[in-house]
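K.L.:
missing the sequence, but the structure's below:
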Ligand code: AMP
């Protein structure tokens with residue numbers, strides 16, 4: 001199964017992608033995570049994209065298209081993947097269509113996570129993740145079962161993203177509206193778009209997504 005989770009920062013794409021990964025043995029391909037790892041590695045590419053990511057703007061299409069095309073060619077993606085944060089522009093969506101059709105593959109689902117714009121800054125402001133395994137948490141909506149301990153790996157170290165601070169969040173939401181929201185009509189016109197109400201609880205959103213993917 002190959003699917004895209006589409007929605008603004010804070011819609012819950014990462015949370016639901018982790019859930020899908022666990023339930024369906026798919027690979028979560030988060031371009032944001034890949035970029036953060038590249039930056040942390042200190043490579044030339046990392047140095048090139050650091051300032052862009054920290055400003056909340058989008059990294060150039062050619063870099064992102066190359067990154068995803070190399071990643072989906074890896075054998076661990078053969079069973080399927082969830083794209084979380086890609087595509088983010090029409091050029092990326094067109095490139096994805098092309099790279100999949102060249103491999104004789106097609107997308108099974110494009111799921112829009114629909115959420116009211118006024119809650120996004122609050123959702124983003126409270127989020128953090130396990131520094132060891134990457135599991136996502138939120139100060140209010142998704143606390144670990146035992147305070148200060150990761151539910152998944154037991155680590156006591158957590159981190160917050162540098163670009164989750166209010167000034168950057170504004171730029172990221174603007175980039176979404178301007179560059180990524182046009183992908184909704186792009187996939188709707190192709191009959192591929194399904195929407196879930198991402199204002200619902202995490203569990204309810206998971207169930208709604210499960211209903212969509214069960215249809216095949
Ligand atoms: P995310 O973790 O998906 O919120 O992504 C964090 C940041 O990484 C974004 O604000 C962009 O700067 C960059 N980024 C992630 N995915 C993409 C993409 N597909 N195209 C361009 N920039 C991206």
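P.N.:
Yep, that arrived. Treat the numbers as computed from the prediction; the structure is a model and nothing was measured. Residues are numbered from 1 along each chain as shown.

K.L.:
write out the residues of the chain neighbouring the ligand.
P.N.:
By C-beta under 6 Å from any ligand atom, the residues of the chain that approach the ligand are 9, 31-32, 35, 52-53, 56-59, 64, 85-86, 88, 92, 163, 172. For the C-beta atoms, the positions are set from N, CA and C on the backbone; glycine is no exception.

K.L.:
now with 5 Å, please.
P.N.:
9, 31, 32, 35, 53, 58, 59, 64, 85, 86, 88, 172 (C-beta under 5 Å from any ligand atom).

K.L.:
if we ignore the residues flanking it in sequence, what's nearest the fifth one?
P.N.:
Nearest in space to residue 53, with sequence neighbours left out and distances taken as C-beta to C-beta, 6 or more residues apart in numbering, is residue 35 at 5.5 Å.

K.L.:
and residue 150, what is it in contact with?
P.N.:
With contact taken as C-beta atoms under 8 Å, 6 or more residues apart in numbering, residue 150 is in contact with 130, 132, 133, 135, 144, 156, 158.

K.L.:
of the residues of the chain next to the ligand, which is the nearest to the ligand?
P.N.:
For the residues of the chain next to the ligand, the minimum distance to the ligand (C-beta to the nearest ligand atom) is 1.8 Å, reached by residue 32.

K.L.:
what strand or helix carries that closest one?
P.N.:
helix 31-41 (DSSP states H and E).

K.L.:
residues in contact with the next helix or strand after that helix?
P.N.:
Next helix or strand after helix 31-41 toward the C-terminus (DSSP H and E): helix 44-55. Contacts to helix 44-55, defined as C-beta under 8 Å, 6+ apart, come from residues 32, 35-36, 38-40, 58-59, 63, 162-163, 168, 171.

K.L.:
distance between helix 44-55 and the chain's centre?
P.N.:
18 Å (C-alpha atoms, centre = their mean, to the nearest Å).

K.L.:
C-terminal to that helix, what's the next element?
P.N.:
Downstream of helix 44-55 (by DSSP H and E), the next one is helix 61-72.

K.L.:
show me what counts as buried in the lowest-mean-pLDDT helix or strand in the chain.
P.N.:
Here the helix or strand of the chain ranked lowest by mean pLDDT, DSSP states H and E is helix 117-125, holding a mean of 91. Residues of helix 117-125 classed as buried: 120, 121, 123, 124, 125 (neighbour count, 16 or more other C-beta atoms under 10 Å).
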